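Novice: below are the sequence and a predicted model; questions follow.
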Amino acid sequence: LKLLLRVGLFSFTFHVSVCVQLPLLAIGEKDLTCYPNRLVQEKVILEVSSKQMSTRIKVLKADADYQQFMQVYEKDQVVLVRGFQESSPVKLAALRGIYAKHKSLVLRSFFVEQPPPTPAPPPAPAASARKPNQKKSFIGKNFGCNCEEGSASARCPLKHEAQRQQQESPPQIAERILGSARAPEGTWYTSFVLQRNRALFNRFMKQLPFVVPPFLEKGQDGQEFEPKHSEAAWIFFGRNDSSKPLGGRADHTDDIEHSGTWHIQLHGTKVWTLHPTVELCRQNRSWKAKDEVQVRCKPGDVLCINTRLWWHRTHIPGKTELCMSVARDMYLDGTEPETPDFTNVRGHYATKVFQKDAVVFTEDDAPDLELPRSRNSNCGLRDMCGQLIVIAKRRITPGEWFSISESEYEDDEPRQKRSRKS
């Protein structure tokens, strides 16, 4: 492996059949730390790049208990547990049933990571000639392209996204996927949160292999606090008929106050790409900021991860007819979860770095765009020559959602932690 990397092979995939005691293969290390009586024998797919020489994600078997889970999770803030029931009755038909009876509940949090293909829009009329004193759009300058007002350059991510969302709204996409007997073919990736209806939530969770993973059930040895879980289920589902990976949101972290989230993979495969945050690297010196690891979740796998301490993104591999997973927030310190009320706001996230005071976009670039409001906003509104513009109040990194303050004049409010918005 080292020889191949030295001769310049930047990235490759190999299959190896191993019999190893946890953790799983630690790339770049000479030996393996062993956990007694937790022998894992399986065919492991490792995707390795030159940045991954010190990465390791530990894997436990389904019969692991709370103490064994916490021994790993407290240190790494991520662990993969394998070996649970691989088949599940929860498929698109079950989600369609929920949508048919509780449409407003689904639409309240329905989010489109990647929309299904839509008919090609009619060709845009030719742009009128530029007036001599007309200024170029600020968005073109910031995104590194020369977009003019009325253009449809695919190189301008924000304008391209705004035009796409104007073509088909999330409720229309939800109706196409969940409101019909047959989901659209092609590629699409969506989610919603099952919440605010305890009876419906309980009926849905009982269809899963478990309501709570066995290693997080209460009453086990070593529990200083009784683990709690939110009464909300995050349901992610998509399809990828192409041969290329279908990605979701760009690299990001979540502003959360709980201990993390467990995700059970029900159908298909989902690949997570993880990078440790600076905070995690300070807590656990074995992780380096340059580390990158891919976790391939298959049916029956449970990934537990603190998404505040891990930069993460996901994709659905090519030729996947149905990818579905369900997630639930966990509170390992015994905190009583608040009543969930998640909504998916229509907005945009950064696809590049914006330095402080940079113009993100102007009123003319996206006149119908409504940004979410937040006490910890990263954008502000300014007036420039009679035109409303949105500027970065601080450095904005790729993957961050654009937001403005709850009052456009309250730009200097103290930072307050807020719950994740899906």
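Specialist: Cool, the structure landed.

Novice: quick one: the helices in the protein, in order.
Specialist: 2-6, 66-76, 92-101, 103-109, 138-143, 157-167, 170-178, 198-205, 278-283 (DSSP state H).

Novice: below-threshold pLDDT in the stretch 301-422 of the chain: ranges please.
Specialist: 343-348, 366-370, 372-375, 399, 406-422 (pLDDT under 70).

Novice: now the weakest link among the helices of the chain, please, by mean pLDDT.
Specialist: Among these, helix 138-143 has the lowest mean pLDDT, at a mean of 34.

Novice: and F236, what does it touch?
Specialist: By CB atoms under 8 Å, 6 or more residues apart in numbering, F236 lies in contact with Y189, T190, S191, K270, C323, M324, S325, V326, A327. Any C-beta I mention is one placed from the backbone N, CA and C, and that applies to glycine too.

Novice: distance of the residue nearest to the second one when sequence neighbours are not counted from G386?
Specialist: Right, T190. Sequence neighbours aside, V112 is the residue nearest to T190 in space, at 5.4 Å (criterion: CB to CB, 6 or more residues apart in numbering). From V112 over to G386 the distance is 34 Å, taken as CB to CB, to the nearest Å.

Novice: looking at those two, which is more packed in?
Specialist: Using other CB atoms under 10 Å, the more surrounded residue of V112 and G386 is V112, with 22 against 6.

Novice: residues touching that one, list them.
Specialist: Per CB under 8 Å, 6+ apart, neighbours of V112: P170, I173, W188, Y189, T190.

Novice: what does the pLDDT read for the fourth one?
Specialist: What it means is Y189. 96.

Novice: number of nearby residues for it?
Specialist: By other CB under 10 Å, neighbour count at Y189 equals 24.

Novice: correct me if wrong: it contacts I173.
Specialist: No: counting by CB atoms under 8 Å, Y189 does not reach I173; the two are 10.7 Å apart.

Novice: just the CA trace of stretch 181-195, in CSV.
Specialist: Taking Å, rounded to 0.1, in the frame of the first residue of the first chain, the C-alpha atoms of stretch 181-195 are listed here in CSV:
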residue,chain,number,x,y,z
ALA,A,181,-48.0,5.7,-7.0
ARG,A,182,-44.6,5.7,-8.8
ALA,A,183,-41.6,7.8,-7.9
PRO,A,184,-39.8,9.6,-10.7
GLU,A,185,-36.9,7.8,-12.3
GLY,A,186,-33.5,9.4,-12.7
THR,A,187,-31.7,11.0,-9.7
TRP,A,188,-33.2,12.7,-6.7
TYR,A,189,-32.3,13.0,-3.0
THR,A,190,-34.8,14.3,-0.4
SER,A,191,-35.8,14.2,3.3
PHE,A,192,-38.3,15.2,5.9
VAL,A,193,-38.8,15.1,9.6
LEU,A,194,-41.5,13.0,11.3
GLN,A,195,-42.5,15.0,14.3
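
Novice: buried residues in it, which are they?
Specialist: For stretch 181-195, the neighbour count (16 or more other CB atoms under 10 Å) marks A183, P184, T187, W188, Y189, T190, S191, F192, V193, L194, Q195 as buried.

Novice: just to check, the fourth one is in contact with G238?
Specialist: Yes: because the distance of 5.7 Å satisfies CB under 8 Å, W188 is recorded as touching G238.

Novice: joint contacts of these two?
Specialist: With CB under 8 Å, 6+ apart as the test, W188 and G238 both reach Q114.

Novice: and L105, how far from S259?
Specialist: To S259, L105 is 26 Å away according to CB to CB.

Novice: could you do V112 as well?
Specialist: The value you get for V112 to S259, if CB to CB is used, is 28 Å.

Novice: for P299, same thing?
Specialist: As for P299, its distance to S259 is 25 Å (criterion: CB to CB).

Novice: run through the stretch 1-150 of the chain and note the low-pLDDT ranges.
Specialist: 1-55, 118-150.

Novice: now do 90
Specialist: 1-56, 85-89, 108, 112-115, 117-150 (pLDDT under 90).

Novice: quick one: contacts for E400?
Specialist: Contacts of E400 (CB under 8 Å, 6+ apart): H252, Y349, A350, N378.

Novice: ok, now which ones touch the third one?
Specialist: Pointing back at A350 there. Neighbours of A350 in contact, by CB under 8 Å, 6+ apart: A250, I396, T397, P398, G399, E400, F402.

Novice: ChimeraX command for the buried members of the residues you listed?
Specialist: Of the contacts of A350, the buried ones go into a single ChimeraX selection, burial set by 16+ other CB under 10 Å:
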select :250,396,397,399,400,402
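
Novice: closest to D65 out of the contacts of A350?
Specialist: G399 (35.2 Å; CB to CB).

Novice: circling back to that earlier point, adding distance to V59, write the contacts of A350 out as CSV.
Specialist: Formatted as CSV, these follow (distance: CB to CB, whole Å):
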residue, distance to V59
A250, 27
I396, 35
T397, 30
P398, 29
G399, 27
E400, 31
F402, 37
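
Novice: ok, of the contacts of A350, which one's closest to R382?
Specialist: Distance to R382, by CB to CB, is smallest for F402 among the contacts of A350, at 14.4 Å.

Novice: that closest one reaches N378, doesn't it?
Specialist: Yes: using CB under 8 Å, F402 makes contact with N378 at a distance of 6.7 Å.

Novice: shared neighbours of those two, which are they?
Specialist: I396.
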